[in-house]
Structure formats: C-alpha cells, structure tokens
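[1] With the sequence up front, the predicted model follows.
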Amino acid sequence: MRMNFATSGRPTSFVQRGAAVLCSALWLAGCGQEEIRVYKILKEKPPVETARTSPHEEPAEDVHYTVPAGWTEQPGTQMRVANFSIQGKDTEQAEVAVMPFSSLGGTDLDFVNLWRGQVGLAPIGEVELSKYMERVTVGEAAAKLFDVFGAEAASEAARKVRTLVAVLPRGGKTWFFKLAGDAALVAEQRPAFLDFLKSITFHEGDANAAHSSTAEPPPAAAGLPQWDVPGGWQEQPPTQMVLAKFLVTGDAGTKTEITVSSFPGDTGGLLANVNRWRGQIGLAGVGEAELAKLVTSLDASGGKATLVDMTGTSKATGKQVRLLGVIVPRGGSTWFYKMLGDESVAEREKAAFIKFVQTVRYPNV
Amino acid sequence: MKMFSTLGRTLPWLLVALFAAEALQALRPRAETGFHTREFGRLPALLNGRVQPLDSVGRNSLLQIRNTQDVPLAEKKAWEFWKHPKKLRPGEWLLEVLVRPEQADARNIFLIHHPELLGEFKLEGKGTEKSGLHYFTYAELKPVRPEIHEQAKRLNGVDDKLWTPVQKQLANLERGLTIYERLKNSLRPEVSDDFAKELAEFKQSVPAGMAAVRAQQEGKEFDKEALDRFAKPAQHYYLVEQMALPLIVPPAQPEVSRDNWQNAGANLMEVIRGGEVHPAMNYYAQMASAYRQDKPDAFNRAVEEYRQWLAGKLAPELRKSRNEFFFNNLLPFMRAMIAYIFAFLCACAALATVAWARWSEMFRRSAFYLIALAWVIHTFGLVFRMVLEGRPPVTNLYSSAIFIGWGAVLLGLILERIFKIGIGSAVASLAGFITLIIAHNLSMGGDTMEMLRAVLDTNFWLATHVTVITLGYASTYVAGLIAILFIVLGVFTRHLAGETAKILTRMVYGILCFATLFSFTGTVLGGIWADQSWGRFWGWDPKENGALIIVLWNATILHARWGGLVRERGLMNMAVFGNVVTSFSWFGVNMLGIGLHSYGFMDAAFKWLMIFVATQALFMALGLLPLRLWASFRPTKAAPGDVPPMGGQEKPLPSTG
Amino acid sequence: MFDRVINLFTSLKLTVALLCLGTLLVFIGTLAQVDEGLYQAQARYFKSFFIWWSPAAGMKLPVFPGGYLLGSLLLVNLFSAHAKRFKFTRKKIGINLTHAGIILLLLGQLLTDVLSTESAMRLAEGESKNFSQDFHANELVVVDMSDTQQDEVIAIPESLVAAQKEIRHPKLPVTLRVKRHWPNTDILGKPANGTVPADATQGVGVGVHVRNLPVTAKMDERNLPSAVIEVLKGNESLGTWLVSSQIGQPQTFTNDHKVYQLALRFTRHYKAHSITLQDFAHDKYKGTDIPKNFSSVIRLQNPATREDREVKIWMNNPLRYGGETYYQAGFDDKDPTVTILQVVRNPGWLTPYLACVLVALGLIVQFMTHLIGFAMKRRTA
C-alpha cells in the first residue's frame, strides 16, 4: 500500500492536497458560528446641530401652511424656512420655527436629550422617552411630537420653559417644527400648533412663491379615500352616485345600510342636506333654529364634521328606521356618510359608524 | 416516370408557394367601408404600463373575459371548419362597449361552465351553449351581479392556492365583469347619449358653475341653475375618473413626460380645476357621438383628424401602436403553426413511404421546405415582437414557448440539412407545432407584452442568461423528441434496421452536447445575475434548481455514455427522461408557487404537465422492451444481416472522458 | 484493497451514480420547499451531509445523501480521476478545462457556504446605521456601557439560549439563567387565548403575557423569539427579565455600579463604516402596480479612511464595499421612505465568474473538436 503512494508520485499528492483542502473546509462548515462573540463598538454620539448642517441649504422644498391667529410671521433665517413669534399675556413669549436639516444622524433619544440639555435637564433613557412622545400628523404624514418640559428641572428658570418639537423625516431631510417659550403660553398655543402642523403642505422647488395660506380648493376629490371597514360590514357594489356601500345585518335579519358619497361644493348647505335626509325618512323639514338642536359636532380625520341622528319611518316598508348622517366638508367637496335602517342595528353599529367616519383616510387632493 | 420526377420536384415548391401566398396576402393593406373601425383600433392608449393600440386593449380584455380574441356573431359547431360566421373584431367590440354599451350588453361574452356556479346564480337554461361552454350576456348577468360581487368578495384574503375550482371560476367571472364594467366607463359616462354635445355644454357651464360653487361656499347668493347644470355631468365624469380602465388621453406635454397619460374622466375633472379639455377628448367625443348616431363619415373624419393630430408630437406612440395593430392582425405564430402541422404530416408521410424512395423524397422535401418557410414566418414574428417591446426574445413564459419552438425548429432544420432522412423535419415540425400551441394557450392569460418587474428589467441578462438557458431547454427537447422517434420507429417499424439507428444515436449525442453547453452556461449566467441582484450566486430557488436538474441530467447522460454504462437504447431512454426534466424546470417549478422568480401558479397547466409526463413514461416503457420485441431489431428470415449489432459489439462513440 | 478504493473513486460509474443522486436530491429538495420553506429545505437537503428521517421521536436515520456529501464525493471523484488519468494532450484540453471549472465552482460554493454571511439593513430616509441585522438569527446580548467611548457587547447565539441552561463566560460578570425560551412568540399586554404570563420581575416584561407561535419557515415571515432570563450574581438573583426580539426598547440591569443592557435581538454585524439613507425611490409603471424600479441613494462614511461619498444602489447594481456587497433587496409596504438593503459578505464571490468562463470555454473546445472532426469525416466520406 505504501508503495502505491510512493510510486504514484505527483498525482497522489494532488489527491492528498485536495483531500486536505476539502477536510478543512468541511471541518469549518461543521463547527459553524454558534459561539459567544465579544466585541467593542463605538458609542453612538448625539448629533451636533451646527456641525451637521451645511450653511447654504438649497431651498429645494418649500412649505405652505395656514398661520394661526395671534402668530406674527418673522423673516426666515438660513436655518429656518419659517419663523413666528407669539406674544402672550404680560410678558409671556414663545416662538415657532420650521427647520429642515440634511441627513441628520442620531436617534429620537439623542434629539430629546439634546433639547433637554439646552434647557438644563438631565438626559433620559429610551424607556422614559415614550412618556414624552406622541404621534401627530404634519400635513398628510405621520410625525413624532416630543414634549420637553422642565417641570421637574432643578432650576427655577428651566421650570418655566417648555419646548414642543415635531420631527418629520422626509426626502433625505429631517424637518423640525418647534414651538418653544414660556410654559403657560406653550400649553395654551399647543392646539394652534397642532393645527398649524396639519395645515403644512410641501411644494417642490418654488421657494420664491408666496406663502399662500388659501390655495384654491379643488372642488372635487381626486380619488377614493381609504378606510378600515368595521367587522360585520359587508361591502356592496357601488352604484352611480354612491362611492361605497356596506350592509350590516342584525339578529332577526334586520338590515341597515351605510353609504358614502361625495359631491363638489357644499351642495346646498347643512340645513338643506339635513332636510333632504329628513324627507327620506318621512320627517318634516326644520328651520335653522331647530337644526342646531339636531346636530352635534364631530372631529373627523377630514376636519370638523357634523353628525345628525334621527328616527323616522321608512317610506318603503312603513317601519321605524333610524338615520345617522355625517357631513364632512373637505377640500371643496362635501362627503356624506349615511347609515339608514333598522333601529336596533343602527344603535348597535353607531359607535363603529362614527369611528369609521373619523378614521377615513382621504386621498391627496 | 419523367412526369413523376417533374411532379416530385415541383410539388414541394408549389406547396411552399401556396403557404407563402397566403401569408403575403395578410400583409396587403385593406380598404375599409362603413365605420373605419380598424383605424379606430390603431389609436394608442396606455394600459398595463405600456402604450398599445385600442385593438390590443380590446383583444386582451376579451381574452380575459371570453378566452377568445374576438366575438363570433353566430354560433357554429366546432367541426364546421368551412363556416366562417361574422365576428366582431376586438377593436370593433371595444368601440361598441365604449360607445354603445346597451348593444354590447347583449353580446355573449361571459364564460361560465361550472354547473355549481350556474346553479348558484340561477343561470340554468339561459345563455348560449357551445361545446359544453356557456356564454352569457351582461344583460343576463345583471340581475345577479350584486350576488356575484358579494360571493367574490368572500375570496378576499383567502390564499388563492386554496381556492376550489368553483371559486377560481367565480374569481375569473368577477374579474371579467369588472373589466367589462370599467371599459364601459372608459371613454364617456355609460348614461351619456350625445357625448360631443354634452361635453361642449359642460365646458360652457364651468365658469358660471364654479362661480356658483364659490358663492355658495361663501354663503352668498348663488345661481342654483348654473350649479345644477354643472354639477350633474361633473358627478358623471367623476365616476368615469374612478372607473376608466385604459388611459386614452395622451400626455399634454409629451416633451416633458411621455408617461403622463390620463384616463378620460381625469381629464374632464381637470376642467373643473381650471384646466383644459385635451384635444384627444374632443376627437373621442366626436367619434362617440357619430358612432351612436350612425354617421360613418363623421366618425371616420374624427378618427382621421385625431390620427393626424397624434402624428405631430406623439408620432413615436402612434407608430408603435400602429405597428402592434399590424402585428396583432398578422397572426404570424398562428400561420407558422398551421404550416408546421402540414409539414409534420408530410414528414410522417415521408417516413411511411420509405419503401417508395421517390414518394418519400417528395414528401421529405415538401416537409423541409414548408418548415423552412414556417420558420421564416416564426422568426419574423419573433423579431417583430422584440422590436415592439425593445427587449431580447424571452421576457415571460409566453415568449419562452415561442423561443423554445424557434430554437428547436432551427436545430431540427440543421439536422435535416445534414442527414436528409426526414427525422430532422419530423422533430422540427412537431416541436414547432407543440410549442406554438403551448404559447397560444399561455396567451389566454391576457397581455403577453406586459412590462417587466424591476428585477427583470435588464436587457443584458435577459439577452444572455435567459436566451442561453432557453436554447438549453430547446436542445434538450430536440434530443428527447429524436429519442421518442427512435423508440417508436424502432419498436413498430423496420425503419431502424439500417444505418438510421446509428445516425439517430449520433444526432442525440451531438444535440445533448449542445444542450449541456447551453444549459450549463445559462445556469451559471443565471447564478451570476442572481449574484448581481440578490447577493447570492446560488440560493436553491426552485427556478434555479430546475435549471440545475437539466444540467445534472444532461451531464449524467453524457458520462453514462462515455463510461459505456448505456448504449443506444439506454441513451434514448435517458434522453426521453430529459423531456420530463426539462418540462419540470420550464413549467413545474412555476406551479410550486414559491421562490423569487416564479411567474405564477397555473393549475390548468399542471394537468397537462402530468399528461405529458405520463406519455413520456409510456415511451420509456416501450423503450425498455427487450430488443427482440422491436420490429426493427427482430431477427428476420429475409435479411438477417440487417440487424445492427445492438448488443455488446457496438463500439461506443469516441470517448472524451 | 487500496487499489480498489482508488478504482472506485476514479470510476465513471461513481460519477454517473453521483450525478443521478444529485438530480434526484435537487428534485426532492425543490419539492420540499413547498412545505418546509426555502430556508429550512436548503439547510435540510443541500447544506447537510445526510438527510435524516425520524420515524419515531428520538430516532434519526440517514436516508439519503445530502448536498455536502454528494458535492464533496463529486470533488473527490473528479480530483482522483484526473490525478490518475491526467494527461495533457490537445484532445483533452476541453475536458480538462471543463472539469477544472467545475472543481472551482464546487470549491467556491463550499467556500461561500462556509464563509459567507447574509444580513440586511433596514433604513428609513435620513436614518444612519453602522450595523446590519440577520433576520434569520437572534442573539442575546449583554452590553457593558460603562466606558465613555466604547460599549462592550457580549453576544450569545440563540442556540445557546435555547438549551435553557445557565450561561457563563469569562467576560460576563454575571450568570444568566434561562428560565424559559420560546422560538417564536407574540407579546401581549393582557392575557388572551394561549398566552402564559411572562413572570418577569424587572423591566418591560412585568405583567405582560407571551403567546407561543409555531416556528415559521416562510420567506416573508420572521420568528420573534422570547426568553425569560434570570440574572445571577453568584447565587444572588438580580431579577428576572423578559427579553424578546419583539421588544424594541433596551432593558438594563446594574451590577457593581455598572449599567448593562440586556436584550434579545436579531444578530447584528457591526461595520467600520456607516450608511445613511438619503433618498429611496420606488417607481411603478404608470397605471399599474408593477414595480418599475427601486433605488436607494446612500451616504457612505468611513471615519478610518475619511471616505464620505454618495452612492446609488438599485436593482442589479449593488455596491461592493469593505468586502461586503449591498443590494437593493426590498421596501416596506407601510412606509414608503424605508429601504431594505441586503448585505452579503462572500469572499468567494468571484469563483463562479471564473468557473463559468472555464467550463463554457472547455465545453466549446470539446464539442467543436467533435463537430469539426465529424464535418471533416463527412466531407471525405
């Protein structure tokens, strides 16, 4: 046997070498990487605002918005594309700034701790962060709002100031919308600030255009909104005038129907529409004064909405029916949501219906 | 005898001339009378992400709804091939759907054949039956339309692999109905009558109407009449915007964006937002009104004026859609397929008449010339498609069938040119015919020129990997087909009793070498592509595995041959199994419904795949019969010397290993 | 005896048998993907020496050779056949080239299997990361955060956690006792069908409930393992934590006045450079849902080499950097600003390119010699 090895010379060593390579490779494959690894990584540094912002940011995008009452527009600066001051009671003051930054690293926690540092607060950890964060919308997009409030700060001065910052990553940039100032005034201006955020729209590249707050509203919606259909609602094929239709069936086979429609303009006003509905369930028309008693106001995703809840009789069956209607004026169109049908089913589905209306996501107009 | 030899020489050419003349007459432009619906069918629109003629829009919609490319106006029995009932061509049908929906509603286009479905929607006794298929009109289905929709809704969220046959057909029906309903609202609102007039009035009503809207919003006095005049059509157009399927309004500024097509409704809604009605909409409105009012001259004028308008800034789109229309109506693959059938019959006749050399030679020549002609038509279609799409030959399953056929026919022709025994022709014509039949069935799925998903959008890899691997498929099939012929001729005839067996073996061996080269290179190129796009050379994805199996199997055959483990018969049986392996790779893996590059789940095809596998098994079983049972190798008293040495004495081919 | 072994290993019969078995294996392995999923089937059929069958619990029988075994036998067969019969003649150039290419291909794939790692980087626009994650593997990490410059990470693979024992390591100041481990879970705030209380005394796991889910093998799903870990200093318990790949926020424990982070997370691979997503584009064909193109514009920064540049990564056009390749792999359905980059480290990535050239060249030479020989013979005949 040995002889064979010796005499076969080169080819055998070929085999041996091959086998050696193979065996080592297989051995490696066999042991795998299932062991404990220990390594060091650099701590992630909180970002420094000035260092990362290039001084000459081209204004590639422009923001439009509606200015709330009591805010005074100030000239923009290199870093701030929009700037407002708010004068409160006595000497209370606050300011609002809109600042886009390019490619900012850092986590939410880093930002919050940076702002906390600015008002002399101790840094917090990731777990606590959630206490200071909530979700808001800037224009159509979801953003995070951080509340840096020095109530528990050590110094008297720090306790007086409060900063609200909405952070919106968008197109390679991070946009900051900041409301900062005296704590009481900031708290008072918070709703106005949130409305301001909702009114934000971005426009590509027309930095010189006037900051218009009343863009011409297009009268008709450009596409179907999206919604979450509550459980038990069966979708029906839409008909000519109706964009969406759902059917809910009650225990005894009783039914109620939900329809969604949209028309340009305000289609005659609230009174006319409520009276149109009243007519459908055999009720007499009402005047402006009674109207106020019938309707309640509702916060819907599309803006302020009006809810009306009426009981009448069906013209077709002569049975008692309930009509719940919501009217949402939005972007030059009026959206109608109507639930009409059996009283008990309507009562059961009322909450789902209202939630449905409130959570409709409208398309960009 | 002299007469016979003249006939023998001229008949093949006559046959070719006949087929060529038939194909050429299709190229001849035809004058239209009445409504110029063919011209209408040439107008461009954007659908499925690409510009296509309205003819294609109608054709692909009909394929999805009715599984045919046109609408026959009278029924005939399947075997009554001499009857040619009048048909609605796809462009004509589309025009009717767009403009005369009430007439289109009465066409038999919706296909339902599951008895359970017919029962569920109470459709028994209605509709038109043709060879077991029931066709219904929209008007017939209208009463149960909500119910169909309701039932189909339930399929939402159910994994389509779990659908029962009834559910699948229900989903198809719902899809067809939706396409149809959307088409009806793609040019004008379904309820419209004189669309041109309505559009003109609408344009006039906009300023006053908008003023009224604004006044109303601000709580001022407003002109209620002006508001109504404007709001009603606006609501209709809004619906068109929501429903329309093809985007028929070309980009307003093609120099800025050639992609910016709009649907009719969207363009009309733009008027409300202060925009302009696109000229295309005006032309279409004129066509619509003229067609409804039965005024061919006005219709033809509007079509012609629109065509001239398009020839300005949108000349490339117009050219593309006219070319595609030409291609659609030329039917090159259908023509090639028919020629292949005739050629196959000739090739069979040549093999059957081998005892009468002159007859046989005449048939062989006929087959050869006819295949050559069919292959030229096949190539023309292939190249035309490539130019239309701006792509290499294979972009989807449909085009892979076309290309496999093309490659297989080419190989068969080359073999016939070399060996001149009719086998190459038989294989070429059979391969051409079968692959084109497969392609025809695959085209039933709708648009065969659909846009490519991002990962496939690379002409370089499509041209290299896909083309090479497809040629690998083609050559493996050719080897397999020759092997089948070997078995059939060997078992049932005395055909192989001479040199033929050896020639066939040589053919199979040579083709297998090419198959190995192509499938290996193609597979590795595929790996390299995968490395470029997904970051791994090999991911054991089903499609990759399918290709690997072909390579492994071809390598197995070659090594078994080189090692003397198999001789002629074994080689043939292995080559037949190659057909099974290749079909698994080509179709089977797509049926697994997993992996990164599956084209989609096709269950009808699964049945056919199983039938194919069964036939191949049958051939292999035949091939395994002991040689003494083979007609060709059975020892006969007449010519004992004829029996080729199939046993141990045969010298293996020059070994390379 | 040895001769017989040599003869066996060099025989063409073995080649044919191996190729046949290979064809069968690939076929079976492909079909198995339907039920087992691509990842699982790959490990079971191709990246194994044997395919095991358990007719009963605790029993394991090898029933078929796996991919590794067939591959290495083929290699041995090829090597030894050439070693025994190697001759350099003009007639053999083709076949030698082909086989050299195949050897290179097989070795390259073996190398890839052993040495390559695959992970992914999920980035939202504006986000920056210096690590990628392996969504198929998880690790339990203890991070010592006491240093001001660096964090020390002790990463324990999930397989060790799954053994549900005590984990000790010289670098680990405490003992980790694994009280429970689930390979795939859902964590809920309140009890529901099929949940068990997490039984944590510290951290976010206090009062939450864990639902055990079946392990998934689907391509588009991930397993989210959870474990209940008791931290022991000597024999003294510092508390019990619920850790899970589902829990985003880090949890900490304190030992000897040092703060440590404790987390179960997707295995991370840290890099010397960082990548920031500047822009992600995801186009569709007009009027359809067919993706036309995805592309990510990223900023690549490496403090060590002072590199700071912008790179565009898109379909079929990856970035190769630092021994790794970054591919445009996907996007997030819910968030249009998120890109998913596949990160592959594969030292053997060039081998298939070379192998392909060698084999194709070899086959062409081989078959051309045949063809020319055949044509010559016909001409003279």
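    Happy to help now that I have it.

[2] A:S297 contacts A:V326, correct?
    No - using CB atoms under 8 Å, A:S297 is not in contact with A:V326; the gap is 10.6 Å. For the C-beta atoms, the positions are set from N, CA and C on the backbone; glycine is no exception.

[3] Overlap in contacts, these two.
    Residues touching both A:S297 and A:V326 by CB atoms under 8 Å, 6 or more residues apart in numbering or on different chains: A:A305, A:T306, A:L307.

[4] quick check, the second one in a strand?
    Yes - A:T306: assigned to a strand according to DSSP: H, G, I helix; E, B strand; the rest coil.

[5] Which parts of the stretch 1-150 of chain B are strands?
    Ranges of strands in the stretch 1-150 of chain B, per DSSP state E, counting those that start in this stretch, are B:44-47, B:50-53, B:71-72, B:87-88, B:110-112, B:128-130, B:133-136.

[6] now the ones you listed as TSV including mean pLDDT and mean neighbour count?
    Shown next, in TSV, are those (pLDDT from 0 to 100; neighbours: other CB atoms under 10 Å in any protein chain shown):
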stretch	mean pLDDT	mean neighbour count
strand B:44-47	94	26
strand B:50-53	92	24
strand B:71-72	86	20
strand B:87-88	88	18
strand B:110-112	87	21
strand B:128-130	77	13
strand B:133-136	85	19
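
[7] Can you say which of these is nearest to C:V357?
    C:V357 lies closest, by CB to CB, to one member of the strands of the stretch 1-150 of chain B: strand B:50-53, at 36.5 Å.

[8] List the strands paired with that closest one, with their directions.
    strand B:44-47 (antiparallel) (DSSP bridges).

[9] Give me the residues contacting the strand it pairs with.
    B:51-54, B:56-57, B:60, B:245-248, B:250, B:261, B:310, B:314, B:317-318, B:320-321, B:447, C:286-287.

[10] isn't B:A171 right next to B:Q151, touching?
    No - the pair B:A171 / B:Q151 is not scored as a contact, 9.7 Å apart, by CB under 8 Å.

[11] Looking at the two now, which is surrounded by more residues?
    Shown here are B:A171 and B:Q151; by other CB atoms under 10 Å in any protein chain shown, B:Q151 has more neighbours (19 against 16).

[12] what ranges do the helices span in chain C?
    Under the criterion DSSP state H, chain C contains helices at C:2-10, C:12-41, C:67-85, C:93-115, C:158-162, C:351-380.

[13] So which bits of the stretch 201-350 of chain C are right by chain B?
    C:219, C:284-288, C:290-294, C:315-318, C:325, C:327, C:329, C:342-344, C:346, C:349 (CB under 8 Å from any CB of the partner chain).

[14] my guess is B:R494 contacts B:F633, does it?
    No - shown here, B:R494 and B:F633 do not form a contact pair, counting by CB under 8 Å, at 9.0 Å.

[15] Who has more neighbours out of these two?
    Between B:R494 and B:F633, B:F633 has the larger neighbour count (other CB under 10 Å), namely 23 against 20.

[16] hang on, the more buried one in a helix?
    No - judged by three-state DSSP, B:F633 forms no part of a helix; its state is coil.

[17] how close does it get to chain A?
    43 Å (CB to the nearest CB, to the nearest Å).

[18] same check, this time on B:A23
    As judged by CB to the nearest CB, B:A23 and chain A stand 47 Å apart.

[19] Please look at C:V259 and C:T252 and confirm they touch.
    Yes - under the criterion of CB under 8 Å, C:V259 makes contact with C:T252 at 5.2 Å.

[20] Output the shared contacts of A:S297 and A:V326 as JSON lines; include the columns distance to chain B and pLDDT.
    Formatted as JSON lines, those follow (distance: CB to the nearest CB, whole Å; pLDDT from 0 to 100):
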{"residue": "A:A305", "distance to chain B": "16", "pLDDT": "84"}
{"residue": "A:T306", "distance to chain B": "15", "pLDDT": "86"}
{"residue": "A:L307", "distance to chain B": "21", "pLDDT": "88"}
